[in-house]
Structures are given as structure tokens and as C-alpha cells.
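Enquirer: need a 3D model of the following:
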Amino acid sequence: CVMLLIPNYYTSTAQILLDPEGSRVLESDLPNQPRAVDAHVLNQQYIMTSNEVLSRVVESQKLYDDPKFGAAEPGYSDRNSRVQLAVDTLNKVTSVAVVGKSFVINVTVRSEDPERAAQLANVLADTYIQVRSEMNADVLRRTGGGLSAQLDQLRKAVEDGDRAVQA
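Expert: The predicted structure follows:
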């Protein structure tokens, strides 16, 4: 009789392969030291469960209107409160773990609905990849701007040196 009262939970896992080499801008960005690699993997785990990623998932899946994510809770009538409650709930039903000493990370979501668990795990993985792409593009944009400024300085120094030699 008690077993009928306990809901079934299903988990679904999406796997993400991290590429530490692909995220480097300069040769010195990720030294060949195990600690640096471990820190990189831990950083990616943090990003996957960050407010940025979870908020995007909540928005894209409209979880702020889903009663399973707190939309029906009394006292949460405004949208911002429902969004934050949904982010907190999504964080509670999500786990992120590294597979052994590899660059593979499992993103697991638990739900009473197996299809919903699979959908959310896949959306979380896709959203993480999108956020990482945006972050990498921003780093490349900033690095490119810095390198352009250095090239301008070097060009000016060469021109000044040429003028000095001619004089």
C-alpha cells in the first residue's frame, strides 16, 4: 500500500566530451599539468550548473509555468520569482559528474516523466555547448583586439626606428 504513494523517478543522462585543446587561444592557456586540466574540467562542471545555463533552460522550456518546477506554489505570482524557483528546482534535479579521469561529463536529470528527463538532459547539454561557444567567441574577440593593439604599437615602433635610421 505504501509503494503506491511513492512516485517513480526516472533519470536520463546526456554525455558531453570536453575538448581542453579546442578552448585554448594561446599555447600557454592550458599547461600540460594535471592540476590545470583538473581545474578546467571542474570549471566546466560549474558552468553546466551555473545560473546562466539553468536560466536559459528554464526560459527555453518555460519551466517557470510548470507546476513540477514550482509555478503552482502560493506566493510566487510574479514571473521573476517563478523563474528563480524553477532554476532552483532544476538545479536540485540535475547532477553533473566527470566520468573517471576522462574529459567526458555526464549531465543527469531526474523526473517523474522519463521523456521529460531525457528532454531536459539534452537541452541542458545543448545550452551548455551554446554558452561555451559564446564564451569562446568573446575570449577570441577580446584576444584579437589585444593583439591588434600590440601590432599597432609594433608597427609604430618599426616606423619610428626606420625614421631614426634615415635621419
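Enquirer: the bottom helix or strand of the chain by mean pLDDT?
Expert: helix 34-48 (a mean of 75; mean pLDDT, DSSP states H and E).
Enquirer: got the buried residues for that one?
Expert: 37, 40-41, 44, 48 (16 or more other CB atoms under 10 Å). Any C-beta I mention is one placed from the backbone N, CA and C, and that applies to glycine too.
Enquirer: got it, and stretch 55-62?
Expert: 55-58, 61.
Enquirer: and the least confident helix or strand of the chain, how far out from the chain middle?
Expert: 11 Å (CA atoms, centre = their mean, to the nearest Å).
Enquirer: can you show me the strands along the protein?
Expert: Secondary structure of the chain (DSSP state E): strands located at 10-17, 94-98, 104-111.
Enquirer: now do the first one, average pLDDT.
Expert: Mean per-residue pLDDT for strand 10-17: 91.
Enquirer: report the inter-axis angle for it versus helix 34-48.
Expert: 130 degrees (axes from the mean of the first three to the mean of the last three CA atoms, to 10 degrees).
Enquirer: quick one: contacts for Arg82?
Expert: For Arg82, the contact set (CB atoms under 8 Å, 6 or more residues apart in numbering) comprises 64-65, 70-71, 76.
Enquirer: take those residues and write them to JSON lines, including pLDDT and distance to Thr108.
Expert: Shown next, in JSON lines, are these (pLDDT from 0 to 100; distance: CB to CB, whole Å):
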{"residue": "Tyr64", "pLDDT": "89", "distance to Thr108": "22"}
{"residue": "Asp65", "pLDDT": "87", "distance to Thr108": "24"}
{"residue": "Gly70", "pLDDT": "77", "distance to Thr108": "20"}
{"residue": "Ala71", "pLDDT": "74", "distance to Thr108": "23"}
{"residue": "Tyr76", "pLDDT": "68", "distance to Thr108": "26"}
